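Chemist: Model the following, please.
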Amino acid sequence: MVDSSRLTFDPLGSVQLVATIDEAASALRHDLRNKFGSVRSAEYYIRRRLQSTEAWQAEPRLEELSGVIRDEIRVANELLDQRRRLQHLFVAAPSRIDAAECVRRAVACTRVASDCRVEIEQHAEAGNVVADAAELTLAVRCLLENAIEALGESGVVYVRARLETASRYVIEIQDAGGGIQPSQRAMVLAPFYTTKPERAGLGLNIAQRIAERYSGSLVFRDVAVGTIVALELDLEATDA
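Modeler: Down below sits the predicted model:
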């Protein structure tokens, strides 16, 4: 295993930067759409109330300004729909890859505290999936580092990567931390949710977004102690 504490170059640095910016931009777009929606509703209410008054007839600019508000909100929403990726930093290139190799790379470049360690519980089974190798590796590393944070000062994170069915490949990350209650699972997947002030709270959300980008999913599995987070992916059919 690579001693990640001695790495001076992060092989996932560019893809993590782009994923973080994308996630932050997505959250910002969502919040702005809600704000614009409130302004649009307020404009509609005010216009309906004023149209039947003498003030509306006496001041033509009221209708003009009302139209300006609607047009500006429409243009703003169109701008929010235009997603711009940082192509000079990273461009995703999905292809048929071995998910097990991504798991090994993620373990090798995961930032691990001195009293913690990451173990691949069993040799990862090969599995052909269609994804970008760097993005899938980043998704696994995000899960690993989230699990390490859950341990506290010391402990072990276990990784299992296997063929669960003939068409499903599963990467499980298990820690022995305090666990996540079922009622909290949706909350911890939300962007910027964190219980640690020095963290951004984007790891699980980035992992989920990457999984869904390649027709996969991120799920929690019940366990007696700690937490298991599983990244599930569809297997790519091999050539005949």
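
Chemist: Would you map the helices across this structure?
Modeler: Using DSSP state H, the helices of the chain run over 13-50, 54-58, 61-81, 99-108, 133-151, 185-188, 203-213.

Chemist: what angle do the fourth one and helix 133-151 make?
Modeler: Spelled out, it's helix 99-108. Orientation check (axes from the mean of the first three to the mean of the last three CA atoms, to 10 degrees): helix 99-108 against helix 133-151 gives 50 degrees.

Chemist: and helix 99-108, what does it pack onto?
Modeler: strand 116-120, strand 128-131, helix 133-151, strand 155-165, strand 168-175 (3 or more CB pairs under 8 Å, 6 or more residues apart in numbering; DSSP states H and E). (Glycine included, C-beta is placed from N, CA and C.)

Chemist: how about the ones you listed, which one is nearest Val15?
Modeler: Distance to Val15, taken as CB to CB, is lowest for helix 133-151 among the helices and strands packed on helix 99-108, at 4.5 Å.

Chemist: Please determine how far the residue positioned nearest the centre of the chain is located from Leu143.
Modeler: What sits nearest the mean C-alpha location of the chain, by CA atoms, centre = their mean, is Ile206, with 2.0 Å. Distance, Ile206 to Leu143, by CB to CB, to the nearest Å: 10 Å.

Chemist: ok, now Leu28?
Modeler: 24 Å.

Chemist: of these two, who's got more company?
Modeler: More crowded of Leu28 and Leu143, by other CB atoms under 10 Å: Leu143, with 28 against 12.

Chemist: From Gly178, how far out is the more buried one?
Modeler: Going from Leu143 to Gly178 by CB to CB gives 17 Å.

Chemist: Okay, buried residues for stretch 57-64 please.
Modeler: Leu62 (16 or more other CB atoms under 10 Å).

Chemist: circling back to that earlier point, from the helices and strands packed on helix 99-108, which stretch is densest packed?
Modeler: helix 133-151 (a mean of 24; mean count of other CB atoms under 10 Å).

Chemist: that older thread, quick check: which of the helices and strands packed on helix 99-108 is nearest to Val103?
Modeler: Closest of the helices and strands packed on helix 99-108 to Val103 is strand 155-165, at 4.5 Å (criterion: CB to CB).

Chemist: partners of the closest one, with directions?
Modeler: strand 116-120 (parallel), strand 168-175 (antiparallel) (DSSP bridges).

Chemist: Nearest to Asp234, out of those strands?
Modeler: Among the strands paired with strand 155-165, strand 168-175 sits nearest to Asp234 (CB to CB), with 6.7 Å.

Chemist: now that closest one, how far from the centre of its chain.
Modeler: Strand 168-175 has its C-alpha centroid displaced from the chain centroid by 17 Å (CA atoms, centre = their mean, to the nearest Å).
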